[in-house]
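Asks: sequence first, then the predicted structure, then my questions.
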Amino acid sequence: MFRENKSFLLCKGDFIMSSVCRFKFTKGIDRKDIEKQLALAIVSTECTFGQPKVRMNASYYISPKNKIGSIKDEVKVVIDVSNGIGEHIAQLFTGLIIRQFGEDKFVVDKLNDINFKKVKRDSI
């Protein structure tokens with residue numbers, strides 16, 4: 001199983017990304033299934049480019065788990081696509097989630113020039 005690495009998380013520190021893909025999933029999609037598909041996309045990218053290159057170039061963010069009593073059910077994933085490694089992960093992830101959930105269960109947007117220090121977590 002893929003271990004989450006804090007150096008991969010976009011919400012840590014001051015990151016300015018030139019381009020990201022934001023995936024928003026419909027309510028009812030299991031967070032663990034989304035995380036498994038992202039992990040598979042990352043591991044597959046490691047098989048293609050090597051673990052060190054992926055470790056140094058890949059960045060992603062998954063919205064935090066719901067708190068007790070929260071009505072927030074929508075899971076969001078952000079992948080840095082400002083380099084070839086991130087683009088590869090995003091392409092694999094997109095293909096995997098289409099096959100797993102269907103095209104109508106998520107929306108993906110490409111965003112440019114994002115400063116994650118200035119963006120509120122909930123707006124991602």
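Replies: Good, I have the coordinates.

Asks: from here on, just use CA atoms for contacts and neighbour counts.
Replies: Fine.

Asks: for stretch 83-93, buried residues please.
Replies: Buried residues in stretch 83-93, counted by 16 or more other CA atoms under 10 Å: 85-90, 92-93.

Asks: dump the residue contacts of the residue nearest to Phe49 when sequence neighbours are not counted.
Replies: Excluding the flanking residues, the one nearest Phe49 by CA to CA, 6 or more residues apart in numbering is Ile85, at 7.9 Å. Applying CA atoms under 8 Å, 6 or more residues apart in numbering to Ile85 gives the contacts 45, 49, 54, 57-58.

Asks: go on, Ile62?
Replies: Contacts of Ile62 by CA under 8 Å, 6+ apart are 75-78.

Asks: tell me the spacing between the residue nearest to Phe49 and Leu40.
Replies: Separation of Ile85 from Leu40 (CA to CA, to the nearest Å): 14 Å.

Asks: same question, Val77
Replies: From Val77 across to Leu40, the span is 14 Å (CA to CA).

Asks: alpha carbons of stretch 25-33, in CSV - could you do that?
Replies: What follows is stretch 25-33, C-alpha atoms only, in CSV (Å, rounded to 0.1, in the frame of the first residue of the first chain):
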residue,chain,number,x,y,z
PHE,A,25,-16.2,13.8,-6.6
THR,A,26,-20.0,13.5,-6.1
LYS,A,27,-21.3,12.8,-2.7
GLY,A,28,-21.4,9.1,-1.8
ILE,A,29,-18.1,8.1,-3.4
ASP,A,30,-16.0,6.3,-0.8
ARG,A,31,-12.8,8.3,0.1
LYS,A,32,-10.8,5.1,0.5
ASP,A,33,-11.6,4.0,-3.1
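
Asks: thanks a lot, catch you later.
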